[in-house]
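*Asks:* Would you be able to build a 3D model of this:
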Amino acid sequence: MKKLIVLLFISGILVSCNSVSEEEAIKNEIEDYQAQIIQLTKKVKELEAKLPEGAGSTAGNATKVRVMTLKKQPFSKYFMATGELEAINEAYVSPEASGQITRIDVVEGQKVKKGQFLAKLNTAVIEKNITELKTQIELAKTFYDKQTELWEQGIGSERQFLETKNNYENLQNKLASLQEQYNMSILYSPIDGIVEDIMLKQGELASPGMQLMQIVDLDNLYVTAMLSEAYIPVLKKGELVTITFPSFPDMEIKGAISRVGNVVNKQNRTFRVEVEIENKDGLLKPNLLANILINDYNSEASLLVPSMVVREDLVGSYLYIAEKNGSDLIATKKYIQVGRAYNGSTEVLSGISENDQVITDGYSTVSDGTSIEIVG
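*Replies:* Next up is the predicted model:
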């Protein structure tokens with residue numbers, strides 16, 4: 001049994017080795033044939049060049065292609081960033097004192113102005129104390145005024161005068177303190193906006209730090225996005241961008257970058273970018289997704305080719321150029337250095353020149369030295 005397993009294992013290895021060897025042999029044979037084709041094509045061209053013009057020409061068998069003549073032209077590249085809308089002015093209103101909510105004068109969805117009354121806590125005890133204190137102040141003021149008259153006439157002691165003055169002033173300070181407590185129990189809107197949410201109801205207890213309602217200003221929003229740190233050198237405050245919204249396909253807004261973050265996030269290597277926008281119609285809402293189209297490269301004169309015609313091999317990127325070979329045209333393989341690519345076009349930095357004819361149709365059916373015929 002063991003011998004049988006060993007034999008099967010050895011047989012599998014031999015089959016695998018034979019399979020690999022056969023594949024390599026086929027690849028080598030294909031490469032040899034391709035080299036022969038290139039050599040034969042060159043010999044045919046050399047012989048045709050010795051013949052009178054038009055005699056023995058192989059133009060009828062030439063591969064038909066279309067070409068474009070290279071001209072320098074402006075080129076701009078953009079990238080798309082995804083962000084979301086946020087409200088510039090947004091407030092979560094909470095009381096500065098503890099107490100029971102006795103009155104709420106607004107409803108959700110209502111527009112409010114800055115300083116408008118919103119709600120009130122129970123101030124019965126404070127109001128009673130204020131009333132009593134005002135009575136005491138009136139009496140203290142009467143004593144103080146009379147003592148002042150006597151003191152100016154040289155009647156009475158300085159101690160009596162100072163005691164009545166101090167008592168009057170202390171009562172005034174207590175009244176101011178109670179009035180401040182009363183004011184802390186009344187809530188006013190800190191901004192112009194819309195009451196988005198009311199978290200507590202009339203009769204419930206409220207305390208400092210507890211959110212009672214949310215107010216949002218929808219007139220002015222900003223789009224915020226987190227971008228890769230690679231874009232830090234190309235982004236500046238004030239640069240114009242285009243903003244679109246998946247929820248509103250037909251809406252497009254132009255805006256300027258209002259803020260570029262100064263800190264890179266350690267976790268994802270991104271920085272913050274903000275773009276302020278106006279929302280006059282109120283269609284846009286906070287937290288809505290937005291796309292920002294940002295320009296990150298511009299060139300006044302670039303050689304551009306369709307990205308699809310740029311091919312690659314082990315040496316590098318290349319494309320095919322239509323060139324004269326005697327009386328015929330052939331496809332010539334040109335290795336190039338590519339730059340940036342955008343919207344189906346690729347910038348070529350070197351390897352070809354202005355006025356070269358790049359093969360744009362039929363490029364996949366030619367090789368270096370193939371006889372071609374330009375059509376169209």
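
*Asks:* quick one, helices of this protein?
*Replies:* Using DSSP state H, the helices assigned to the chain run over residues 2-50, 124-152, 158-184.

*Asks:* need the least confident one among those helices, by mean pLDDT.
*Replies:* Per-segment mean pLDDT for the helices of the chain reaches its minimum on helix 2-50, at a mean of 62.

*Asks:* I'd like to know which of the helices of the chain is closest to Asn279.
*Replies:* Asn279 sits nearest to helix 158-184 of all the helices of the chain, at 33.3 Å, using Cβ to Cβ. Quick note: C-beta positions are derived from backbone N, CA and C, even for glycine.

*Asks:* same for that closest one, what does it pack against?
*Replies:* With contacts defined as 3 or more Cβ pairs under 8 Å, 6 or more residues apart in numbering; DSSP states H and E, the packing partners of helix 158-184 are helix 124-152.

*Asks:* got the angle for the helix it packs on vs helix 158-184?
*Replies:* Going by axes from the mean of the first three to the mean of the last three Cα atoms, to 10 degrees, helix 124-152 is angled at 150 degrees with respect to helix 158-184.

*Asks:* and helix 124-152, what does it pack onto?
*Replies:* In terms of contacts (3+ Cβ pairs under 8 Å, 6+ apart), helix 124-152 is packed against helix 158-184.

*Asks:* just how off-centre is the helix it packs on within its chain?
*Replies:* With Cα atoms, centre = their mean, to the nearest Å as the basis, helix 158-184 stands 58 Å off its chain's centre.

*Asks:* quick revisit: would you turn the helices of the chain into TSV with distance to Ser327?
*Replies:* Below are the helices of the chain laid out as TSV (distance: least, Cβ to Cβ, whole Å):
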stretch	distance to Ser327
helix 2-50	8
helix 124-152	107
helix 158-184	98
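
*Asks:* so which of the ones you listed comes closest to Gln100?
*Replies:* Minimum separation from Gln100 across the helices of the chain (Cβ to Cβ) falls at helix 124-152, 9.8 Å.

*Asks:* Please spell out which residues along the closest one are buried.
*Replies:* 126, 129-130, 133, 137, 140, 144, 147, 151 (16 or more other Cβ atoms under 10 Å).

*Asks:* nearest to Asp105, of the helices of the chain?
*Replies:* helix 158-184 (16.3 Å).

*Asks:* residues of that closest one that come out buried?
*Replies:* Those would be 161, 164-165, 167-168, 171, 175, 178, 181-182, 184, for helix 158-184 by 16+ other Cβ under 10 Å.

*Asks:* of all those, which two lie farthest apart?
*Replies:* Distances among those were taken as Cβ to Cβ; the most separated pair is Phe161 and Met184, at 35.5 Å.
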